[in-house]
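1. only geometry, no sequence info:
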């Protein structure tokens, strides 16, 4: 049944590619991504028992999203806004300044966390008892890389160097506090910005599967897997939940020569391949006994907690095999807990409509929809773990990007009004 599900997803992705004219169109990207997740899980961890209902439901969810994408991406004679294919995109003029601000605020978060909170490396970033300034500063760990990805693909002088500089603050924070999740989440925002910039620059169709891009993508996957193993080895060296910066530096040195590799690989193997199996086992129970609807409390756990409508609950670990535990039940778990198995399919359809609309607008050159498209790509990449909108800092990062483009649109609007006024004045005097 897993082979049938993967085949269906590949066919669905190909159909989405034809309809959207690009592998980056939401329907094609989401289906291809999950076909890859299921297939790599089956190859990398064939000993993880995976009931058929999980992959089958995921295929249905991709069908629902793709149907929504078709509706959202219906072309209605949209005229593409002026974006010079060979020149700089004026909508990105303020990005270097935005990147610099985000890097500065991200480094301020790192220093403030060390000085004010102390050397604790395991605490809840969305804890309502923490000062709000920490959540605000943390949003720049994700907004900055999104800006960096956009500027990386802008084609401007030194754009790649400036774009990669946006990853400095989250990378340093992850290294100091041994939080691989920060590196992953900032990376997915960078990739989201990169993909959105490609869609805008090329008007939709993007050659994603070129030999160069596939080689770079493969190198990134291998590099991230290596970093995940090293991070796990370092964390296994720590006894307790506190470590000073100096202790962390010593930990790196000790861990490289330690014998923790086998134990680290057992855990990292779960992180790389253990997504579909826990979800599938849980899904067998949820299908027979659907959970009572939570109406968004799982998918939007952070915002609900912020306004006092509930607590973000941690779920129990599932034992894939001896010593291999996982609580990564995918984003689908939260949707089903919130809306039931059938209601979650309807939610996927709505998500597809929004993503399709964002793709259509960005491919037509409209900057205001860029945060929507970045959010789609980041949500997709994060979906094997949890819903992106479960975390306030990630939502804040997207809001930061939205504010930047709202300000840019307002400035350009006033500039066009000024040009129109001057032209009318010149015409009046010429006529006179």
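-> Perfect, I can see it now. The model shown is predicted, which means the values in this text are computed figures rather than measured ones.
2. nearest spatial neighbour of residue 337, skipping sequence neighbours?
-> residue 298 (4.5 Å; Cβ to Cβ, 6 or more residues apart in numbering). For every residue, glycine as well, the C-beta is placed using N, CA and C.
3. Can you tell me the SS state at the one you found?
-> Following DSSP: H, G, I helix; E, B strand; the rest coil, we place residue 298 in the coil state.
4. quick one, what contacts it?
-> 313, 333-335, 337-338, 387, 390 (Cβ atoms under 8 Å, 6 or more residues apart in numbering).
5. Neighbour count added to these, as TSV?
-> Formatted as TSV, the contacts of residue 298 follow (neighbours: other Cβ atoms under 10 Å):
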residue	neighbour count
313	11
333	23
334	24
335	24
337	23
338	21
387	22
390	22
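6. which two in those are spaced the farthest apart?
-> Farthest pair in the contacts of residue 298 (Cβ to Cβ) is 313 and 335. Separation: 15.3 Å.
7. Dump the contacts of residue 298 to TSV, plus distance to residue 33, secondary structure and pLDDT.
-> Below are those laid out as TSV (distance: Cβ to Cβ, whole Å; DSSP: H, G, I helix; E, B strand; the rest coil; pLDDT from 0 to 100):
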residue	distance to residue 33	secondary structure	pLDDT
313	27	coil	68
333	17	helix	90
334	18	helix	89
335	16	helix	92
337	22	helix	89
338	22	helix	90
387	15	coil	86
390	19	helix	86
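8. Show me which of these is closest to residue 276.
-> Checking the contacts of residue 298 one by one against residue 276 (Cβ to Cβ), the nearest turns out to be residue 333, at 11.3 Å.
9. Can you tell me the closest non-neighbouring residue to the closest one?
-> Nearest non-adjacent residue to residue 333 (Cβ to Cβ, 6+ apart): residue 279, at 5.9 Å.
10. Next, count neighbours for the one you found.
-> 27 (other Cβ atoms under 10 Å).
11. Give the other helices and strands that the helix or strand where residue 162 lies contacts.
-> Secondary-structure assignment from DSSP states H and E places residue 162 in helix 159-165. Secondary-structure packing of helix 159-165 (3 or more Cβ pairs under 8 Å, 6 or more residues apart in numbering; DSSP states H and E): helix 95-112, helix 132-152.
12. contacts for it?
-> With Cβ under 8 Å, 6+ apart as the criterion, helix 159-165 contacts 95-96, 99, 103, 148-154, 190.
13. Swap in 6 Å and give it another go.
-> 96, 148, 151-152 (Cβ atoms under 6 Å, 6 or more residues apart in numbering).
14. same deal with stretch 55-73?
-> Taking Cβ under 6 Å, 6+ apart as the rule, stretch 55-73 contacts 2, 5, 8-9, 12, 16, 26-27, 30-31, 34, 38, 283, 345, 348-349, 351-353, 355-357, 359-360.
15. got the residue ranges for the helices in the stretch 301-432 of the chain?
-> 301-306, 330-363, 370-382, 392-431 (DSSP state H, counting those that start in this stretch).
16. and the angle from the second one to helix 370-382?
-> So that's helix 330-363. 150 degrees (axes from the mean of the first three to the mean of the last three Cα atoms, to 10 degrees).
17. Show me what counts as buried in helix 330-363.
-> Neighbour-count burial for helix 330-363 flags 330-341, 344-345, 347-349, 351-363 (criterion: 16 or more other Cβ atoms under 10 Å).
18. now for that helix, which elements pack on it?
-> helix 26-44, helix 53-72, helix 180-202, helix 276-288, helix 370-382 (3 or more Cβ pairs under 6 Å, 6 or more residues apart in numbering; DSSP states H and E).
19. which residues are contacting the third one?
-> Think helix 180-202. 24, 141-142, 145-146, 148-150, 152-153, 170, 173-174, 206, 228, 231, 362-363, 370, 373-374, 377-378, 381-382.
20. Same check on the first one?
-> Where contact means Cβ under 6 Å, 6+ apart, the residues beyond helix 26-44 that reach it are 2, 6, 9-10, 12-13, 16-17, 20, 55, 58, 62, 65-66, 69, 273, 276, 355-356, 359, 376, 380, 384.
21. now the angle from that helix to helix 330-363?
-> Going by the same axes, to 10 degrees, helix 26-44 makes 140 degrees with helix 330-363.
22. now the third one
-> Relative orientation of helix 180-202 and helix 330-363, computed by the same axes, to 10 degrees: 30 degrees.
23. and what of the fourth one?
-> With the same axes, to 10 degrees applied, the angle from helix 276-288 to helix 330-363 works out at 100 degrees.
24. so residue 142 touches residue 399, yeah?
-> No - with contact defined as Cβ atoms under 6 Å, residue 142 and residue 399 do not form a contacting pair (10.2 Å).
25. Looking at the two, which has the bigger crowd around it?
-> residue 142 (31 against 14).
26. who's in contact with the more buried one?
-> 186, 189, 394, 397.
27. same thing but at 8 Å, please
-> 170, 185-186, 189, 393-394, 396-398, 400.
28. Please indicate which of the residues you listed has the highest neighbour count?
-> residue 189 (33 neighbours).
29. Residue 202 - how many residues pack around it?
-> Neighbour number of residue 202 under other Cβ under 10 Å is 16.
30. same question, residue 63
-> The burial count for residue 63: 19, using other Cβ under 10 Å.
31. how much space between it and residue 34?
-> 11 Å (Cβ to Cβ, to the nearest Å).
32. Check residue 299 too.
-> In terms of Cβ to Cβ, residue 299 sits 18 Å off from residue 34.
33. So those two - more neighbours on which side?
-> residue 34 (28 against 25).
34. burial measure for residue 146, as a count.
-> Residue 146 has 33 nearby residues by other Cβ under 10 Å.
35. In contact with it: list those residues for me.
-> 189-190, 192-193, 374, 378, 397-398, 401.
36. do residue 53 as well
-> Residue 53 sits in contact with 280, 283-284, 287, where contact means Cβ under 8 Å, 6+ apart.
37. quick one: buried residues of stretch 364-384?
-> Those would be 364-367, 369-384, for stretch 364-384 by 16+ other Cβ under 10 Å.
38. wait, stretch 290-297
-> 291, 294, 296-297.
39. got it, and stretch 158-168?
-> 159, 162-168.
40. Tabulate those (TSV), appending distance to residue 179.
-> Formatted as TSV, the buried residues of stretch 158-168 follow (distance: Cβ to Cβ, whole Å):
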residue	distance to residue 179
159	28
162	25
163	22
164	20
165	20
166	18
167	14
168	15
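41. pLDDT check: weakest of these?
-> By pLDDT, residue 159 ranks lowest within these, coming in at 86.
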